[in-house]
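Novice: quick one, fold the following:
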Amino acid sequence: MSQARKSRPKLLFIGSLDVAPTFGGPIQFHRHFVERNDFDFQKLVEPAQTRLANLSTGWRLLDRPINRVTQTRLFPHFAALNEWIAVKKAIPALMQEAKAYHPDAIVTAAFGAYGFAAGEVARQLKIPLVTFFHDWWPDMSLQSKPGIKAFDWRMRRLYRQSDLALCVCEQMREELGSHPNAQVLYPISRNQVAAQTGKTGWKNRHRVVYLGGMTKGYGRMMASLIKEYALAERPWELAVFGEVKDWPAGEVKTAEASGVYRGTRYGEAAQNELSAADIFLVAMDFEPATRRRVRTSFPSKLLDYCAFGKPIVVWAPEHSSIAPFTRRAQLGLVHTDPSAIKLIDKINQLVQNPFQMKSCSEISIKLSKTIFCPDLIHSNLVAAVNGLFNEQNGKITN
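Specialist: Sure thing, here's the model as predicted:
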């Protein structure tokens, strides 16, 4: 029996997602593995040239016609092929890097070719595999139906192969099925800000802020809300921020002219807008094609918003992860109807109910200090990773 080692776990991240202070999965990994020092950490991120738009078989006579096809309607049918090629080509170089680093465990995210490659590297090195399951990636990828089914199978296989599976919510764990070591790990928010419980006021009216996705289904939701808001009687102000890449130019001009759509905000500019809010709006789309993704993902912004100590309005389908969660926690208003008019009516009722506003604010603060506390979430990750190393192979402790 080997002696326990007084050192930090040595982790190697192999993934198609980066580890960076940006948004989504990358910023989650950055907060766990870079901003905090509980792990020795290195990353190997998939280079852009191996991704879908740059399919390479290694044989130039094949690459040119295949890449021409990817610019046509047949594009989705080659996505699965590209991922398979990317995995096969990446493994030798990844193995070389991994052997030089001597990691105690491989960390990855169930997203893209390098997620699958990470599983193979861990298998060959005979070391634990830690996988984050943040989104149902096959449903987000540009795939044909057979490709989606193939990736679905590979994602579930990666789940079974993982020694530690970190699921973003209970619905993700339910969808993936039984596993000896699958744990729910909520997204980690930025360091807690000072909670604000009173009405900040904005032109003497409550200010409702939406800051997030505004393309595809989310774009249709926000366009409908902006349109109906302009026609409705309401004792509150609405401010909407986000990218509108797929909006017609006429709709963008109308939204800007209404004074509701205010462009994009990032970093500190985004934090300033959130600090000025009295109520936060969180949305998940109602599109049938995204049903499973909406059910199995958990928006990190919900945790970020709780730290401000303000009521939260959730506009999402009943099958989403956050609608039942918000209702159980009594965190704020839940609207599970795609109708923007009905949403406006419900917000009208909320802002005129000081008792409910105060109660929701207090619950936000409570959650930010308990189950949504970033330090607690990170400590749960540290405990789960350390739990992989038993006395037989040298337990790693801080």
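Novice: check which helix or strand the closest residue to residue 291 other than its chain neighbours maps to.
Specialist: Spatial nearest neighbour of residue 291, chain neighbours left out: residue 319 (6.3 Å); criterion: Cβ to Cβ, 6 or more residues apart in numbering. For glycine as for every other residue, the C-beta is placed from the backbone atoms N, C-alpha and C. Element membership for residue 319 (DSSP states H and E) is empty, with no helix or strand holding it.
Novice: neighbours of residue 324, how many?
Specialist: Applying other Cβ atoms under 10 Å, we find 17 residues neighbouring residue 324.
Novice: residues touching it, list them.
Specialist: residue 318 (Cβ atoms under 8 Å, 6 or more residues apart in numbering).
Novice: what about the strands in the stretch 1-150 of the chain?
Specialist: 10-15, 40-45, 105-109, 129-133 (DSSP state E, counting those that start in this stretch).
Novice: between the third one and strand 10-15, how many degrees?
Specialist: In this case it means strand 105-109. Angle, strand 105-109 to strand 10-15, by axes from the mean of the first three to the mean of the last three Cα atoms, to 10 degrees: 30 degrees.
Novice: returning to that earlier point: make TSV out of the strands of the stretch 1-150 of the chain and add mean pLDDT.
Specialist: Output for those, formatted as TSV (pLDDT from 0 to 100):
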stretch	mean pLDDT
strand 10-15	96
strand 40-45	95
strand 105-109	97
strand 129-133	98
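Novice: tabulate those (CSV), appending distance to residue 157.
Specialist: What follows is the strands of the stretch 1-150 of the chain, written out as CSV (distance: least, Cβ to Cβ, whole Å):
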stretch, distance to residue 157
strand 10-15, 16
strand 40-45, 21
strand 105-109, 13
strand 129-133, 11
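Novice: between those, which one is nearest to residue 376?
Specialist: strand 129-133 (17.5 Å; Cβ to Cβ).
Novice: distance from the chain centre to the closest one, please.
Specialist: Centroid displacement of strand 129-133 relative to its chain, using Cα atoms, centre = their mean, to the nearest Å, is 14 Å.
Novice: give me the sheet partners of it and which way each runs.
Specialist: strand 105-109 (parallel), strand 164-167 (parallel) (DSSP bridges).
Novice: run through who's touching that strand.
Specialist: For strand 129-133, contacts defined as Cβ under 8 Å, 6+ apart pick out 11, 25, 28-29, 105-110, 115, 118-119, 122-123, 158-159, 161-168, 172, 176, 185, 385, 388.
Novice: could you pull out the helices for the stretch 101-250 of the chain?
Specialist: For the stretch 101-250 of the chain, applying DSSP state H, counting those that start in this stretch gives helices covering 113-125, 145-161, 170-176, 216-231, 249-257.
Novice: can you put those helices in TSV and add mean neighbour count and mean pLDDT?
Specialist: Formatted as TSV, these follow (neighbours: other Cβ atoms under 10 Å; pLDDT from 0 to 100):
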stretch	mean neighbour count	mean pLDDT
helix 113-125	23	93
helix 145-161	16	87
helix 170-176	19	97
helix 216-231	18	95
helix 249-257	13	93
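Novice: lowest confidence element among the helices and strands of this protein?
Specialist: Among the helices and strands of the chain, helix 60-69 carries the lowest confidence by mean pLDDT, DSSP states H and E, at a mean of 57.
Novice: would you list every one of the strands in the stretch 201-350 of the chain?
Specialist: Assigned by DSSP E, counting those that start in this stretch, the stretch 201-350 of the chain shows strands spanning 206-211, 236-241, 279-283, 312-315, 332-335.
Novice: mean neighbour count and mean pLDDT for these - can I get that in CSV?
Specialist: Listed next are the strands of the stretch 201-350 of the chain as CSV, based on neighbours: other Cβ under 10 Å; pLDDT from 0 to 100:
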stretch, mean neighbour count, mean pLDDT
strand 206-211, 24, 96
strand 236-241, 20, 96
strand 279-283, 24, 97
strand 312-315, 25, 98
strand 332-335, 22, 96
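Novice: and of these, who's closest to residue 84?
Specialist: Per Cβ to Cβ, nearest to residue 84 of the strands of the stretch 201-350 of the chain: strand 279-283, 35.0 Å.
Novice: okay, now the sheet partners of the closest one, with direction.
Specialist: strand 206-211 (parallel), strand 312-315 (parallel).
Novice: pipe those strands into JSON lines and attach distance to residue 45 per row.
Specialist: JSON lines is the format used below for those (distance: least, Cβ to Cβ, whole Å):
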{"stretch": "strand 206-211", "distance to residue 45": "27"}
{"stretch": "strand 312-315", "distance to residue 45": "33"}
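Novice: for residue 349, which of these is the nearest?
Specialist: Nearest of the strands paired with strand 279-283 (Cβ to Cβ): strand 312-315, 11.1 Å.
Novice: what residues does residue 36 make contact with?
Specialist: Going by Cβ under 8 Å, 6+ apart, residue 36 touches residue 378.
Novice: can you report phi and psi for it?
Specialist: Dihedral pair for residue 36: phi -120, psi 160, per degrees, to the nearest 10.
Novice: which residue packs closest to residue 123, ignoring adjacent ones?
Specialist: residue 161 is the one closest to residue 123 (Cβ to Cβ, 6+ apart), at 7.1 Å.
Novice: if we can go back for a sec, okay but the residue nearest to residue 291 is in contact with residue 295, surely?
Specialist: Yes - with contact defined as Cβ atoms under 8 Å, residue 319 counts as touching residue 295 (5.2 Å).
Novice: who has more neighbours, those two?
Specialist: residue 295 (20 against 15).
Novice: for that one, give its distance to residue 322.
Specialist: The gap separating residue 295 from residue 322 is 10 Å, by Cβ to Cβ, to the nearest Å.
Novice: quick check, residue 258 in contact with residue 231.
Specialist: No - the pair residue 258 / residue 231 is not scored as a contact, 10.3 Å apart, by Cβ under 8 Å.
Novice: quick one: residue 293 and residue 136 touch, right?
Specialist: Yes - counting by Cβ under 8 Å, residue 293 touches residue 136, with 4.7 Å between them.
Novice: neighbour count for those two, which is higher?
Specialist: residue 136 (24 against 18).
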